[in-house]
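Asker: Sequence plus predicted model, see below.
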Amino acid sequence: MSTRKTTGLARALSTLGVGSRSHGFERVRGGRVSVNGTVRRNLEFPVRPSDRILVDDAPLIAPTQIYLMMNNPGGLVMTASD
């Protein structure tokens with residue numbers, strides 16, 4: 001039995017940048033989403049990171065995360081607005 005983490009299809013779509021979960025809901029219910037070649041209409045269908053998800057026959061690719069780390073010198077105050 002696999003111990004890989006799964007998420008629901010609606011949450012996976014929002015994580016992959018399709019839009020909000022309600023947008024994912026519309027696409028899933030409309031039969032526009034397939035997982036590993038099978039159209040899925042269940043919003044809570046378990047999806048693993050290795051699954052291939054297509055929306056309107058276009059593959060979804062996880063966005064690349066970029067982390068920026070900054071080190072400001074002592075005595076320097078940095079703000080978003082002043």
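Answerer: Here it is on my side, so go on.
Asker: going forward, measure contacts and count neighbours with C-alpha atoms only.
Answerer: Noted.
Asker: Centroid-nearest residue for the chain?
Answerer: Residue closest to the average C-alpha location in the chain (CA atoms, centre = their mean): residue 15, at 1.9 Å.
Asker: Run through the residues that contact it.
Answerer: Counting by CA atoms under 8 Å, 6 or more residues apart in numbering, residue 15 makes contact with residue 62.
Asker: Can you check the pLDDT for it?
Answerer: What the model reports for residue 15 is a pLDDT of 86.
Asker: what's the answer for residue 41, then?
Answerer: Model confidence at residue 41, expressed as pLDDT, equals 91.
Asker: Is it within a helix or a strand, and which one?
Answerer: Element membership for residue 41, per DSSP states H and E: none, as it lies in no helix or strand.
Asker: burial measure for it, as a count.
Answerer: A count of neighbours around residue 41, defined by other CA atoms under 10 Å, yields 18.
Asker: what separates the lengthiest helix in the chain from the chain centre, distance-wise?
Answerer: Taking DSSP state H as the criterion, the chain has its longest helix at helix 21-29. Its chain's C-alpha centre lies 13 Å from the corresponding centre of helix 21-29 when counted by CA atoms, centre = their mean, to the nearest Å.
Asker: For residue 53, give the beta-bridge partners.
Answerer: On the basis of DSSP bridges, residue 53 is bridged to residue 35.
Asker: give the contact list for it.
Answerer: Applying CA under 8 Å, 6+ apart, we find residue 53 in contact with 33-36, 59-60.
Asker: Which pair of those spans the longest distance?
Answerer: Of all pairs drawn from the contacts of residue 53, the greatest distance, 11.8 Å, lies between 36 and 60 (CA to CA).
Asker: Can you pull the residues that touch both of those two?
Answerer: 52-53.
Asker: Which residue ranges of the protein form strands?
Answerer: When secondary structure is read from DSSP state E, the chain shows strands at 7-8, 33-35, 38-39, 46-47, 53-55, 58-59.
Asker: Much appreciated, bye for now.
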